[in-house]
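A.B. asks: here's a sequence, model it:
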Amino acid sequence: MTRFLLRRLAWAIVTILAVATLSFVLMRSVRGGPFDSERRASAAVEQNLRERYHLDWPLWKQFAAYIGPFELGAHGPELLGGDGTDTFGGVLAGDLGPSLMYRDASVNDILAQSLPISAALGFLALSWALVVGVGAGIVSALKRGTRVDVALRLAATTGIALPNFAIAGFLVLLFAFVWPILPVAGHGSLRHLVLPSLALGAPFAAYIARLTRSGMLESLGHDCIRTARAKGLPERLVVMRHALRGGILPVVSYLGPAAAGVLTGSLVIERIFAIPGTGSHFVNSALNRDYTLAMGVTILYTALVCGLNLLVDVVYAALDPRIALEDES
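C.D. replies: Numbering: from 1, shown residues only. Predicted structure coming up:
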């Protein structure tokens with residue numbers, strides 16, 4: 001178990017560094033810069049800004065400063081900023097640097113303010129998707145071949161086919177003009193997250209329903225289920241205590257990709273519902289060429305996905321003791 005966790009942690013660090021490197025290359029490859037929109041600024045002011053954020057350094061030196069506070073000098077590794085210039089700790093130290101557009105805030109400060117909002121939205125979306133999806137999948141499996149099963153499968157197929165921004169547009173029209181009982185934009189209370197979480201979680205609820213149905217159908221066909229029924233165990237206990245434990249395993253495996261999908265899907269949803277979350281800042285950073293903020297959000301999402309996938313593996317092994325976390329070799 002310990003070897004497995006250490007190995008996965010090492011791979012997570014390698015993945016984060018690879019993503020940071022690729023993000024740095026891609027952001028610097030795009031035409032334009034973070035100060036191009038400031039047309040009123042003189043050449044001297046723009047040059048001072050570039051020097052302030054070390055954009056006048058060679059690219060390799062900028063990358064070394066972004067990853068860690070060291071550069072390769074004539075006598076080996078040297079600390080950046082040793083000549084009196086200010087620098088930040090680098091990604092390896094957990095410092096994502098200053099924002100190039102929000103001059104009085106660092107990327108860490110922006111993420112600390114916006115991440116709880118996005119996390120609350122993602123948690124609500126995934127929570128109701130799990131409750132509705134698992135419930136619908138169980139009912140569909142128990143009512144196999146009936147009209148209820150057909151209706152639930154049709155609803156799941158529709159939910160998968162519709163993108164979350166189309167569902168969001170429908171909810172905005174419905175609750176802004178037809179039935180105005182919920183706010184359709186802004187942030188400030190739990191009511192503001194109801195519609196965004198519904199739009200964000202609908203496709204995942206549909207996937208979870210289909211996975212639960214298939215897993216339950218397979219689990220209900222096991223010998224242990226027939227034995228439990230033959231012993232006279234109530235159907236409710238057979239389903240909840242025995243069948244569901246094995247039938248929910250495909251859903252647990254899906255939670256890692258689902259969490260990643262919630263993170264990436266929230267980019268569009270937050271823009272539609274004007275939610276000041278991490279997704280909105282990421283879109284603004286891409287439009288404004290805010291290098292450090294865009295790369296910081298990308299690295300944060302990568303770290304979250306790696307951590308959630310590791311958590312899913314541990315939970316999966318806990319639900320099914322037959323699965324070993326370590327290689328037999």
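A.B. asks: show me where the stretch 101-250 of the chain has helices.
C.D. replies: Here the stretch 101-250 of the chain has its helices, by DSSP state H, counting those that start in this stretch, at 107-142, 147-161, 164-173, 194-220, 223-230, 235-237, 244-247, 249-272.
A.B. asks: would you mind giving these as CSV with mean pLDDT, distance to residue 184 and mean neighbour count added?
C.D. replies: Every residue, glycine included, has its C-beta placed from N, CA and C. CSV is the format used below for these (pLDDT from 0 to 100; distance: least, CB to CB, whole Å; neighbours: other CB atoms under 10 Å):
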stretch, mean pLDDT, distance to residue 184, mean neighbour count
helix 107-142, 89, 14, 20
helix 147-161, 90, 21, 15
helix 164-173, 87, 5, 16
helix 194-220, 89, 6, 24
helix 223-230, 74, 46, 13
helix 235-237, 73, 40, 10
helix 244-247, 74, 37, 19
helix 249-272, 80, 9, 20
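A.B. asks: nearest to residue 293 among the ones you listed would be which one?
C.D. replies: Checking the helices of the stretch 101-250 of the chain against residue 293 by CB to CB gives helix 107-142 as the closest, at 5.3 Å.
A.B. asks: how far does stretch 215-232 sit from its chain's centre?
C.D. replies: 36 Å (CA atoms, centre = their mean, to the nearest Å).
A.B. asks: revised request: answer the last question for stretch 193-202.
C.D. replies: With CA atoms, centre = their mean, you get 15 Å for stretch 193-202.
A.B. asks: same check on stretch 204-222?
C.D. replies: On CA atoms, centre = their mean, the centre of stretch 204-222 falls 24 Å from that of its chain.
A.B. asks: check stretch 268-288 too.
C.D. replies: Worked out by CA atoms, centre = their mean, stretch 268-288 lies 14 Å from the chain centre.
A.B. asks: convert that stretch to PDB, retaining C-alpha atoms only.
C.D. replies: The C-alpha trace of stretch 268-288 is given here as PDB (Å, rounded to 0.1, in the frame of the first residue of the first chain):
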ATOM      1  CA  VAL A 268     -18.300  27.200 -19.600                       C
ATOM      2  CA  ILE A 269     -21.000  27.000 -16.900                       C
ATOM      3  CA  GLU A 270     -19.300  29.700 -14.800                       C
ATOM      4  CA  ARG A 271     -19.200  32.000 -17.800                       C
ATOM      5  CA  ILE A 272     -22.900  31.400 -18.600                       C
ATOM      6  CA  PHE A 273     -24.100  32.000 -15.100                       C
ATOM      7  CA  ALA A 274     -21.500  34.800 -14.300                       C
ATOM      8  CA  ILE A 275     -20.000  32.900 -11.400                       C
ATOM      9  CA  PRO A 276     -16.600  34.300 -10.200                       C
ATOM     10  CA  GLY A 277     -14.900  30.900 -10.000                       C
ATOM     11  CA  THR A 278     -11.600  29.500 -11.100                       C
ATOM     12  CA  GLY A 279     -13.100  28.700 -14.600                       C
ATOM     13  CA  SER A 280     -14.000  32.300 -15.200                       C
ATOM     14  CA  HIS A 281     -10.500  33.400 -14.200                       C
ATOM     15  CA  PHE A 282      -9.000  30.800 -16.500                       C
ATOM     16  CA  VAL A 283     -11.000  32.100 -19.500                       C
ATOM     17  CA  ASN A 284     -10.100  35.700 -18.700                       C
ATOM     18  CA  SER A 285      -6.400  34.800 -18.300                       C
ATOM     19  CA  ALA A 286      -6.400  33.100 -21.700                       C
ATOM     20  CA  LEU A 287      -8.000  36.100 -23.400                       C
ATOM     21  CA  ASN A 288      -5.700  38.600 -21.600                       C
END
